[in-house]
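**Q** Here's a sequence, model it:
(one chain, ligands or ions: 1)
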Amino acid sequence: MLTKAPKGTKDILSSEVYKWQFIEKKIAELCRNFGYKEIRLPVFEHTELFQRGVGDTTDIVQKEMYTFLDKGERSITLRPEGTAGVVRSYIENGMASLPQPIKLYYNITAYRYENVQKGRYREFHQFGVEAFGAKSSTIDAEIISMLDMFFNNLGINQIELNINSIGCPICRGEYNERLTEYLKPSLDNLCGTCKSRYERNPLRILDCKEDNCKRITKGAPALIDNLCDECSEHFEGLKEALDNLGIKYNIDKNIVRGLDYYTKTVFEFVSQNIGAQGTVCGGGRYDGLIEACGGPSTPGIGFAIGIERLLLVMESQGIDIPEPHSMDIFIASIGKKAGFRAQKLVYDLRKEGLSAESDLMERSVKAQMKYADKIGAKYTIVLGDDEIESNKVFLKNMQTGEQKEISLDTLIDRMKM
Ligand code: HAM
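**A** Numbers count the residues shown, from 1 in each chain. Below is the predicted model of the structure:
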């Protein structure tokens, strides 16, 4: 136990971190271009926020949350997703009084007690965006175009966009009646959780992962065929806007999403290449959520991408993330005097903003050079008493093997070029 990470968690080792930094850089660039600003929020919130926000008939709230009482007897939950926290922050910090829309993004860890498998973990990473205050389908299309551009920028082309509309409380009222009518004969065969959902939130039954429930709901009426005029117009507007931007999509009547806050537009980007957990990104509109959490009536929309799944897709497509050179120069040394000089040179190079290393392990020159190669040093020099006396060293380019004799005094200036 002591030397094993908890099930469903993973170390991101220093040998892998450059991939995450690469993705984070791409995210920051994308968000800057689309006018989204970063927000950083607590890892835990009051449990009630997720019960109210995500919905207490969802799998997430019913089965998957990491909830505990803190020492002050408050019920606290590790965030299972990012949206509820951002909504809480929007309300708490009075963002409704700022010019709308408010466009925010986040890179977070999230926590769900799920059955662990490829692409499904208990601690995972999400890049998400949330936009508040805009109700027209123009922003739905903008957000989807942002994702389309993101995947394109990363070279991902084997991914499909599926969209749907799950309407608003008005169309859902009538639809729920039709759905419960359809499910009534099979009520006894639904799982225990779905039986309780039947009265409280029948739409949730369509998202159940149990095989039997899936079989029962297979031919159920779809919400998209029962939309009110406003929701129908919104969906038509989205399709028109996506066509205008040249973005390809499929309409998938079965998308209901695993969280209760959605209204109107819902969408997913799915990859067929990474196994059962192929949904890399999910999102949609949530026009009632801010009000439900105690804020002013405000429309909202957003998405989240799972970074672990994103990396799996990139790997499955053979997309290589370039490993950056980690070290500009390694200064090898022979003897105590040269060792001191090397340490001082490294110190001065670092002051000038260069990355530099010298021997810290009392290795032989041969072993020092081997190490320099391993850490990916671009250049090396070897310092001994002779070099210090003559003030001349060979600067070796480790990629080409080329060596140039230079004056030791000019090393820093040369490295800065
Ligand atoms: P979600 O569909 O629950 O939506 O999660 C979004 C993405 O997070 C998934 O598509 C998947 O890539 C990743 N993900 C979810 N659970 C796991 C897991 N156990 N292991 C690995 N990756 C996982 C949301 O979280 C919403 N907050 C998205 C949103 C933002 N909607 C509006 N705004």
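**Q** need the residues of the chain near the ligand, please.
**A** 81-83, 112, 114, 119-121, 124, 126, 128, 130, 258-259, 279-284, 302-306, 308-309 (CB under 6 Å from any ligand atom). Just so you know, the C-beta spots here come from the backbone N, C-alpha and C atoms, and that holds for glycine as well.
**Q** Which of those residues fall within helices?
**A** 83, 308-309 (DSSP state H).
**Q** Arrange these in CSV, one row each, with distance to residue 135 and neighbour count as further columns.
**A** Formatted as CSV, those follow (distance: CB to CB, whole Å; neighbours: other CB atoms under 10 Å):
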residue, distance to residue 135, neighbour count
83, 17, 27
308, 33, 20
309, 30, 24
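**Q** Export those as a markdown table, with columns for distance to residue 101 and pLDDT.
**A** Below are these laid out as a markdown table (distance: CB to CB, whole Å; pLDDT from 0 to 100):
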| residue | distance to residue 101 | pLDDT |
| --- | --- | --- |
| 83 | 15 | 98 |
| 308 | 29 | 98 |
| 309 | 28 | 98 |
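**Q** who's in contact with the residue of the stretch 101-250 of the chain found nearest the ligand?
**A** Closest contact between the stretch 101-250 of the chain and the ligand, by CB to the nearest ligand atom, is at residue 124 (3.5 Å). By CB atoms under 8 Å, 6 or more residues apart in numbering, the contact set of residue 124 is 109-110, 112, 306-308.
**Q** Could you rerun that using 6 Å?
**A** 110, 306, 308 (CB atoms under 6 Å, 6 or more residues apart in numbering).
**Q** same thing with residue 301?
**A** 131, 140, 143, 285.
**Q** try it again with 10 Å
**A** Taking CB atoms under 10 Å, 6 or more residues apart in numbering as the criterion, residue 301 is in contact with 101, 129-132, 134-135, 137, 139-140, 142-144, 262-265, 267, 283-287.
**Q** Also residue 262?
**A** 55, 83, 164-167, 203, 255-256, 282-289, 301.
**Q** Likewise for residue 5?
**A** 11, 123.
**Q** Which residue, neighbours along the chain excluded, lies closest to residue 257?
**A** residue 266 (5.1 Å; CB to CB, 6 or more residues apart in numbering).
**Q** So among the residues of the chain next to the ligand, which ones count as buried?
**A** 81-83, 112, 114, 119-121, 124, 126, 128, 130, 258-259, 279-284, 302-306, 308-309 (16 or more other CB atoms under 10 Å).
**Q** which residues does residue 108 bridge with?
**A** With DSSP bridges as the criterion, residue 108 is bridged to residue 126.
**Q** That one: how many residues sit nearby?
**A** 20 (other CB atoms under 10 Å).
**Q** Also residue 102?
**A** Neighbours of residue 102 using other CB under 10 Å come to 21.
**Q** Equivalent analysis for residue 26, please.
**A** Other residues near residue 26 number 15, with proximity taken as other CB under 10 Å.
**Q** any idea how far residue 159 is from it?
**A** 15 Å (CB to CB, to the nearest Å).
**Q** With adjacent residues omitted, what lies nearest to whichever residue of the stretch 151-300 of the chain sits closest to the ligand?
**A** Residue of the stretch 151-300 of the chain nearest the ligand, by CB to the nearest ligand atom: residue 282 (3.0 Å). Leaving out its chain neighbours, the residue that sits closest to residue 282 by CB to CB, 6+ apart is residue 268, at 4.9 Å.
**Q** wait, what's in contact with the one you found?
**A** 160-164, 252, 255, 257, 278-284, 303.
**Q** farthest-separated two in these?
**A** 278 and 284 (17.9 Å; CB to CB).
**Q** Could I get the buried residue list for the helix or strand where residue 386 lies?
**A** According to DSSP states H and E, residue 386 maps onto helix 385-390. Buried residues in helix 385-390, counted by 16+ other CB under 10 Å: 387-388.
**Q** Ok, stretch 251-268 next?
**A** 252-253, 255-268.
**Q** From one end of it to the other, what's the distance?
**A** 10 Å (CA to CA, to the nearest Å).
**Q** Mean confidence (pLDDT) on that stretch, please.
**A** Stretch 251-268 carries an average pLDDT of 94.
**Q** if we can go back for a sec, any chance of JSON lines for the contacts of residue 124, columns distance to residue 154?
**A** Shown next, in JSON lines, are the contacts of residue 124 (distance: CB to CB, whole Å):
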{"residue": "110", "distance to residue 154": "21"}
{"residue": "306", "distance to residue 154": "14"}
{"residue": "308", "distance to residue 154": "15"}
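**Q** and which of the residues you listed is nearest residue 379?
**A** residue 308 (36.0 Å).
**Q** From residue 236, how far off is the closest one?
**A** Distance from residue 308 to residue 236, by CB to CB: 35 Å.
**Q** Residue 392 now?
**A** Distance from residue 392 to residue 236, by CB to CB: 76 Å.
**Q** And residue 197, by the same measure?
**A** 30 Å.
**Q** on that earlier part again, element containing the residue nearest to residue 257?
**A** strand 263-270.
**Q** what lines up beside that strand in the sheet?
**A** strand 160-165 (antiparallel), strand 279-285 (antiparallel).
**Q** would you list those strands in a markdown table and tack on mean pLDDT?
**A** A markdown table is the format used below for the strands paired with strand 263-270 (pLDDT from 0 to 100):
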| stretch | mean pLDDT |
| --- | --- |
| strand 160-165 | 98 |
| strand 279-285 | 98 |
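**Q** Redo the ones you listed as a markdown table? Include distance to residue 400.
**A** A markdown table is the format used below for the strands paired with strand 263-270 (distance: least, CB to CB, whole Å):
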| stretch | distance to residue 400 |
| --- | --- |
| strand 160-165 | 44 |
| strand 279-285 | 40 |
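**Q** my guess is residue 404 meets residue 411, correct?
**A** No: between residue 404 and residue 411 there is no contact under CB atoms under 10 Å: 11.2 Å.
**Q** between these two, which one's more packed in?
**A** Set residue 404 next to residue 411 and count neighbours by other CB under 10 Å: residue 411 wins out with 20 against 11.
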